[in-house]
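Engineer: Next input, structure requested:
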Amino acid sequence: MLQNPYTEPCLRVVVDLTNRPPVDLADLVERWLAACVVPERPPVEQDLIDVRAYLVRWAEVVDADSERQRIDLLNGLLADYTAHPRLSIHEGSTGWHLHYRDDGLGLGRVISAAISVMTADHLSEKGMHRLGRCALPDCGNAYIDFTRGGRQRYCSQPCANRDAVRRHRAGKPKIPS
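Structural biologist: Numbering: from 1, shown residues only. Modelled structure (predicted):
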């Protein structure tokens with residue numbers, strides 16, 4: 001399957017936005033545009049409100065207790081934020097691609113549609129277990145697992161290292177991966 005080149009960078013942005021919510025519209029725009037698609041309309045304050053509300057719902061997908069609950073929550077996001085797929089091309093673009101949203105939406109709705117589709121695509125392709133919270137007891141940040149083996153348990157290498165040092169100092173055996 002051809003992977004959308006925006007998928008990984010945009011999913012990394014939504015994880016970052018979930019772990020460190022945007023403080024204002026400029027922060028949201030800067031972080032989103034650093035890795036993802038340019039909005040069709042100039043961003044407005046409502047976009048920030050929309051994204052903050054969306055992030056609460058996306059975090060519920062992260063925190064789902066079961067695969068079935070994760071699927072149901074993600075299907076809810078897809079139903080609420082996406083549209084029927086259609087071919088689209090942007091001004092100056094060299095190729096056609098699929099959009100899963102209506103034209104003319106504000107940045108908040110574009111982000112919500114894109115992340116819903118990208119999350120569903122990644123999890124359906126790689127496994128529903130590839131979304132979670134950091135295993136370091138005092139962290140709890142969200143992560144999306146892009147590793148080859150699909151066994152990520154920490155949000156970052158520093159958290160994995162801190163937990164390994166903590167376990168070593170406690171004299172406990174290594175946790176099997």
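Engineer: buried stuff in the least confident helix or strand in the chain by mean pLDDT?
Structural biologist: Using mean pLDDT, DSSP states H and E, the weakest-scoring helix or strand in the chain turns out to be strand 97-99, at a mean of 75. Counting neighbours by 16 or more other C-beta atoms under 10 Å, one finds that the buried residues in strand 97-99 are residue 99. For glycine as for every other residue, the C-beta is placed from the backbone atoms N, C-alpha and C.
Engineer: could you say what helices and strands whichever helix or strand comes after that strand packs with?
Structural biologist: Tracing the chain past strand 97-99, the next element assigned as helix or strand by DSSP states H and E is helix 107-126. The helices and strands touching helix 107-126, judged by 3 or more C-beta pairs under 8 Å, 6 or more residues apart in numbering; DSSP states H and E, are helix 7-19, helix 25-33, helix 45-62, helix 67-81.
Engineer: Counting by contacts, list what the longest one packs against.
Structural biologist: Applying 3+ C-beta pairs under 8 Å, 6+ apart, one finds that helix 45-62 makes contact with helix 7-19, helix 25-33, helix 67-81, helix 107-126, strand 131-133.
Engineer: Tell me where the model's unsure across this structure.
Structural biologist: Applying pLDDT under 70 to the chain flags residues 1-3, 92-93, 172-177.
Engineer: Kindly recompute the last result at 90.
Structural biologist: Within the chain, the stretches with pLDDT under 90 are 1-7, 34-41, 84-105, 166-177.
Engineer: Distance to residue 40 added to the helices and strands packed on helix 45-62, as TSV?
Structural biologist: Output for the helices and strands packed on helix 45-62, formatted as TSV (distance: least, C-beta to C-beta, whole Å):
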stretch	distance to residue 40
helix 7-19	16
helix 25-33	13
helix 67-81	16
helix 107-126	7
strand 131-133	28
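Engineer: For residue 170, which of these is the nearest?
Structural biologist: Nearest of the helices and strands packed on helix 45-62 to residue 170, taken as C-beta to C-beta: strand 131-133 at 21.3 Å.
Engineer: list the helices and strands the closest one packs on?
Structural biologist: Going by 3+ C-beta pairs under 8 Å, 6+ apart, strand 131-133 lies up against helix 45-62, strand 142-144.
Engineer: Tabulate those (a markdown table), appending distance to residue 30 and mean neighbour count.
Structural biologist: What follows is the helices and strands packed on strand 131-133, written out as a markdown table (distance: least, C-beta to C-beta, whole Å; neighbours: other C-beta atoms under 10 Å):
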| stretch | distance to residue 30 | mean neighbour count |
| --- | --- | --- |
| helix 45-62 | 12 | 18 |
| strand 142-144 | 20 | 22 |
